[in-house]
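S.K.: Here is a sequence with its predicted model. Questions after.
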Amino acid sequence: MASTRKPAGGTDCPPQTSAGSSSTVYTPLLSGAELPKRNLKGQLISAGVLALALALACFFCIGRRNERRDEGGVAKLPVMGYNTWNAYHCDIDEALVLKNAKLLKSLGLADAGYTYVNIDDCYSEKERSASGDIVASKTRFPSGMRSLTDQIHSLGLKAGIYSDSGWFTCQLYPGSYRNEGCEIIPGKMGLRLPEV
């Protein structure tokens with residue numbers, strides 16, 4: 001059996017092992033006198049290389065910040081704007097949507113990039129039209145969706161609308177299932193962003 005002892009003076013020493021064997025769990029650490037001397041020249045070179053790398057990274061990031069993308073490319077920002085669901089759920093109508101669109105403009109949010117006015121669930125009638133289209137609620141949107149979107153566009157904003165790929169929306173209004181190809185009435189309604 002190997003015995004271990006700690007000598008006086010508080011310094012560690014390797015465990016005592018049986019004759020001829022060596023310990024595999026002990027590697028002595030270098031003492032202060034045995035540590036390699038720090039090389040000032042090497043440290044300065046390392047610091048210079050690091051500073052240059054950081055400067056180049058900042059240059060490329062800042063230089064690209066002002067680039068514009070093509071209209072067909074990936075946008076620099078996500079679609080930003082106002083969505084009726086976030087504040088009103090199903091309690092929406094034409095006057096409320098228009099009021100909030102005007103607020104985007106008057107508060108300067110449109111100038112900051114918040115340009116979409118998205119009309120969420122509950123804007124339509126509970127039943128489709130005779131031709132199978134989803135139509136805007138005649139009581140909530142008496143002027144019709146086209147008139148509302150024209151007013152939104154006149155403010156320099158874009159209008160979007162919610163749809164659902166299932167039979168029904170989350171609030172049980174007609175969904176777009178099996179009508180996706182003909183459904184994008186957004187064009188008929190003057191909308192630019194179908195929100196699914």
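M.R.: Structure received.
S.K.: Please enumerate the strands of the chain.
M.R.: For the chain, strands defined by DSSP state E occupy the ranges 81-83, 116-119, 158-162, 193-195.
S.K.: out of these, deepest packed?
M.R.: strand 116-119 (a mean of 25; mean count of other Cβ atoms under 10 Å). (Glycine included, C-beta is placed from N, CA and C.)
S.K.: about what we covered before: which stretch in the strands of the chain has the least confidence?
M.R.: Lowest mean pLDDT within the strands of the chain: strand 193-195, a mean of 49.
S.K.: Check residue 18 and give its pLDDT.
M.R.: We note a pLDDT of 55 for residue 18 in this prediction.
S.K.: Average pLDDT for the lengthiest helix in the chain, rounded please.
M.R.: For the chain, the helix with the greatest residue count under DSSP state H is helix 40-65. For helix 40-65, mean pLDDT is 73.
S.K.: pLDDT below threshold where in this protein?
M.R.: Scanning the chain with the threshold set as pLDDT under 70 gives 1-38, 59-73, 75, 180-196.
S.K.: Without its sequence neighbours, what residue ends up closest to residue 116?
M.R.: Distances taken as Cβ to Cβ, 6 or more residues apart in numbering put residue 81 closest to residue 116, at 2.9 Å, once the chain neighbours are dropped.
S.K.: same thing with residue 92?
M.R.: Excluding the flanking residues, the one nearest residue 92 by Cβ to Cβ, 6+ apart is residue 84, at 4.7 Å.
S.K.: Correct me if wrong: residue 168 contacts residue 176.
M.R.: No - taking Cβ atoms under 8 Å as the definition, residue 168 is not a contact partner of residue 176, at 9.9 Å.
S.K.: So for these two, which residue has more residues nearby?
M.R.: Between residue 168 and residue 176, counted using other Cβ atoms under 10 Å, residue 176 has the larger neighbour count: 20 against 13.
S.K.: could I get the strands of the chain as TSV with distance to residue 139?
M.R.: Listed next are the strands of the chain as TSV, based on distance: least, Cβ to Cβ, whole Å:
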stretch	distance to residue 139
strand 81-83	22
strand 116-119	15
strand 158-162	18
strand 193-195	22
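S.K.: can you tell me how far the residue nearest to residue 116 sits from residue 88?
M.R.: Taking Cβ to Cβ, to the nearest Å as the measure, residue 81 and residue 88 are separated by 15 Å.
S.K.: And residue 114, by the same measure?
M.R.: As judged by Cβ to Cβ, residue 114 and residue 88 stand 17 Å apart.
S.K.: again with residue 131
M.R.: Residue 131 is 30 Å from residue 88, where distance means Cβ to Cβ.
S.K.: Those two: which is more packed in?
M.R.: The neighbour comparison of residue 131 against residue 88 (other Cβ under 10 Å) goes to residue 88, with 15 against 7.
S.K.: Identify the residues contacting that one.
M.R.: Residues near residue 88 by Cβ atoms under 8 Å, 6 or more residues apart in numbering: residue 96.
S.K.: what's the answer for residue 137, then?
M.R.: Neighbour list for residue 137: 122-125 [criterion: Cβ under 8 Å, 6+ apart].
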